[in-house]
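> below are the sequence and a predicted model for it; my questions follow.
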Amino acid sequence: GGKRSIMDAPLRKCMSCGPGDRGRCFGPSICCGEGLGCLLGSPETAHCVEENYLLTPCQAGGRPCGSEGGRCAASGLCCDAESCTTDQS
């Protein structure tokens with residue numbers, strides 16, 4: 001059989017974060033969740049940097065949004081690994 005590339009592997013969910021682990025890590029310092037909004041650079045996001053050391057990519061959020069490959073994070077917010085923007089679509 002042929003070897004599968006890591007890109008063929010199903011994406012796992014990104015790590016939980018935030019109060020009560022209700023959010024998901026979107027980037028090294030971004031944690032978002034419904035009813036939580038997005039936390040940027042706060043103590044709750046500190047362990048999100050650990051995603052950088054894991055070999056398998058993860059996916060957070062809902063459908064794709066924005067121009068930089070972001071994902072829907074919380075209501076009206078679109079986040080990528082670097083930042084969040086408002087997105088009313």
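Noted; the coordinates are in hand.
> use CA for all of it now, contacts and neighbours both
Fine.
> list the contacts for the spatially most central residue of the chain?
Among the residues of the chain, Phe26 comes closest to the average C-alpha position under Cα atoms, centre = their mean, at 2.2 Å. Residues counted as contacts of Phe26 (Cα atoms under 8 Å, 6 or more residues apart in numbering) are 14, 32, 48, 59-61, 79-81.
> just the buried ones among the residues you listed, please.
Buried members of the contacts of Phe26, scored by 16 or more other Cα atoms under 10 Å, are 14, 32, 48, 60-61, 79-81.
> with distance to Ala73 as extra columns, can I get the residues you listed in a markdown table?
A markdown table is the format used below for the buried ones among the contacts of Phe26 (distance: Cα to Cα, whole Å):
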| residue | distance to Ala73 |
| --- | --- |
| Cys14 | 12 |
| Cys32 | 6 |
| Cys48 | 15 |
| Ala60 | 8 |
| Gly61 | 5 |
| Cys79 | 6 |
| Asp80 | 9 |
| Ala81 | 11 |
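> closest to Gly20 among those?
Distance ranking of the buried ones among the contacts of Phe26 against Gly20, using Cα to Cα, places Cys32 first at 12.3 Å.
> what bits of this protein have low per-residue confidence?
Filtered on pLDDT under 70, the chain yields the residue ranges 1-9, 88-89.
> which parts of it are strands?
For the chain, the strands defined by DSSP state E cover 12-13, 16-17, 23-27, 30-33, 37-40, 58-59, 64-65, 70-72, 77-79, 84-86.
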